[in-house]
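**Q** coordinates only, sequence not included:
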């Protein structure tokens, strides 16, 4: 987060990675559990909170429309994506298809794993806005494809990948569909119930406004029935003296027993609040703010909005022939406006193809029209100084 600590003016958050701003009740839930550990000890505190911790799964299930046995909790969206992926058996010659705007952290995982076994990463051609072309995916798909990895909405463009069309293409294929919903969840859709979504990873610290250190994934029944975790512990695979290991049959076989229960209960409180939100109205509000930003940016000389197409979400990106993204970031930070300047590590294939680096604005449903206008005025001022 960038801010001027000497100023008493509130920050304007237009960066979803920094704007989770947990509700005070979420913050209090974390503190209450830590106080319980302080007074009772870590084991007794966990034992006395067992029912409440178990109910977190039920709250997530209500929100996303996926049964509890198909939900696992993690410490981040990255862990929620990596643990299942590392568990998929790979053989030399197996092919993994990705989009041009795939998240850089996922690409690092893919490269690390594929290089170790001789599997191959291939890029599916996309439109200019970064959306995977379902027809091109059809042409790429064959029996050698073991997985298709899609970032539902990239960190560097407002384009939304057509997940239903992509899932339809994969019907009848052996390929696993990995969906990274870190950016999309809470600003595009919260329904993860599609039976062909084999693994969907979510970052609750963004639009769900949960504490950092949380993540979750949903799994298809076919994935859970076919894939064994690459690592286990006494909870996911308890030892039985007569039968050896007894692998847990539901999604929690991908979890470890050890976790930050204080953070998890804060997450549970955030989910409770999320279940009270009118999400269709929130989606409309976010997209209206995004449209206002794009319209305003296009009127500023030297600014080029990089989001194109009809299917756009709340991420707004622009480049400039007058300032670098980081110059805009720093200028706005001095005026207590929080934005982002995602670089090459966020989307190596996207930027590696020669696309301009961008400044990113990500309005939240709690933003106001005055804040949107203040951001546009500051960007115009920066462009002309």
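**A** Cool, the structure landed. Just so it is clear, the structure is predicted and the values come from calculations on it, not from any experiment.
**Q** only C-alpha atoms for contact and neighbour calcs from this point on.
**A** Fine.
**Q** Low-confidence bits of this protein, can you list those?
**A** 1-9, 16-21 (pLDDT under 70).
**Q** Show me the domain layout of it.
**A** 12-20+278-384, 24-274 (automatic domain parsing).
**Q** possible to save these as CSV with mean neighbour count?
**A** Shown next, in CSV, are these (neighbours: other Cα atoms under 10 Å):
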stretch, mean neighbour count
domain 12-20+278-384, 19
domain 24-274, 19
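**Q** Next, the contact list for residue 210, please.
**A** Residues near residue 210 by Cα atoms under 8 Å, 6 or more residues apart in numbering: 20, 22, 26, 204, 266, 267, 270, 271.
**Q** 7 Å instead, please
**A** 20, 22, 204, 266, 267, 270 (Cα atoms under 7 Å, 6 or more residues apart in numbering).
**Q** what about it, distance to residue 82?
**A** According to Cα to Cα, to the nearest Å, residue 210 and residue 82 sit 21 Å apart.
**Q** which residues touch stretch 112-125?
**A** With Cα under 7 Å, 6+ apart, stretch 112-125 has contacts from 90-100, 132-133, 136-137.
**Q** Go through these and name the one nearest residue 347.
**A** Of all these, residue 100 has the smallest distance to residue 347: 7.9 Å, by Cα to Cα.
**Q** returning to that earlier point: in helices only, show me the contacts of stretch 112-125.
**A** The helices, defined by DSSP state H, take in 136, 137 from the contacts of stretch 112-125.
**Q** So which of the contacts of stretch 112-125 belong to strands?
**A** Assigned to strands by DSSP state E, the following of the contacts of stretch 112-125 qualify: 95, 96, 97, 98, 99.
**Q** my guess is the fourth one meets residue 146, correct?
**A** What it means is residue 98. No - between residue 98 and residue 146 there is no contact, the gap being 11.6 Å when judged by Cα atoms under 7 Å.
**Q** just the helices in the stretch 1-150 of the chain please.
**A** Taking DSSP state H, counting those that start in this stretch as the criterion, the stretch 1-150 of the chain contains helices spanning 24-40, 42-48, 50-64, 77-87, 104-117, 134-140.
**Q** what packs against the first one?
**A** Packed against helix 24-40, as judged by 3 or more Cα pairs under 7 Å, 6 or more residues apart in numbering; DSSP states H and E, are the following elements: helix 261-274.
**Q** outside of the helix it packs on, which residues touch it?
**A** 26-27, 29-30, 33-34, 53, 56, 59-60, 208-211, 213-214.
**Q** what do you get if the cut-off is 8 Å, keeping everything else the same?
**A** With Cα under 8 Å, 6+ apart, helix 261-274 has contacts from 22-23, 25-34, 46, 52-53, 55-56, 59-60, 63, 204, 208-214.
**Q** what do you get for stretch 41-54?
**A** Contacts for stretch 41-54 (Cα under 8 Å, 6+ apart): 33, 36, 37, 261, 264, 265, 268.
**Q** The residues you listed: which two are farthest apart?
**A** Farthest-apart pair in these is 37 and 268; separation 17.7 Å (Cα to Cα).
**Q** Paired strands for the strand ranked longest in the chain, with orientation please.
**A** Counting by DSSP E, the longest strand found in the chain is strand 145-151. If you go by DSSP bridges, strand 145-151 pairs up with strand 95-99 (parallel), strand 176-180 (parallel).
**Q** quick revisit: ok, the ones in strands among the contacts of stretch 112-125 vs residue 222, which is closest?
**A** Of these, the one sitting nearest to residue 222 (Cα to Cα) turns out to be residue 96, at 18.6 Å.
**Q** tell me the contacts of the closest one?
**A** So residue 96 contacts 119, 120, 121, 122, 145, 146, 147, 148, 149 (Cα under 8 Å, 6+ apart).
**Q** can you give me the strands for the stretch 151-300 of the chain?
**A** Remark: strands assigned in the stretch 151-300 of the chain by DSSP state E, counting those that start in this stretch are 176-180, 199-202, 215-219, 239-240, 244-245.
**Q** Mind listing residues that contact the last one?
**A** The list of residues contacting strand 244-245 from outside it, by Cα under 8 Å, 6+ apart, reads 237, 238, 239.
**Q** Serialize those residues to JSON lines and add fields for distance to residue 164.
**A** Shown next, in JSON lines, are those (distance: Cα to Cα, whole Å):
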{"residue": "237", "distance to residue 164": "34"}
{"residue": "238", "distance to residue 164": "37"}
{"residue": "239", "distance to residue 164": "40"}
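**Q** one step back: how about the helices of the stretch 1-150 of the chain in TSV, adding distance to residue 252?
**A** Below are the helices of the stretch 1-150 of the chain laid out as TSV (distance: least, Cα to Cα, whole Å):
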stretch	distance to residue 252
helix 24-40	23
helix 42-48	18
helix 50-64	10
helix 77-87	11
helix 104-117	22
helix 134-140	31
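**Q** For residue 341, which of those helices is the nearest?
**A** Using Cα to Cα, these put helix 104-117 closest to residue 341, at 14.6 Å.
**Q** and the angle from the closest one to strand 95-99?
**A** Relative orientation of helix 104-117 and strand 95-99, computed by axes from the mean of the first three to the mean of the last three Cα atoms, to 10 degrees: 160 degrees.
**Q** one step back: from the contacts of residue 210, which single one is nearest residue 284?
**A** Among the contacts of residue 210, and counting by Cα to Cα, the member closest to residue 284 is residue 20, at 18.5 Å.
**Q** Tell me the spacing between the spatially closest residue to residue 309 that is not a sequence neighbour and residue 305.
**A** Distances taken as Cα to Cα, 6 or more residues apart in numbering put residue 129 closest to residue 309, at 6.7 Å, once the chain neighbours are dropped. Going from residue 129 to residue 305 by Cα to Cα gives 11 Å.
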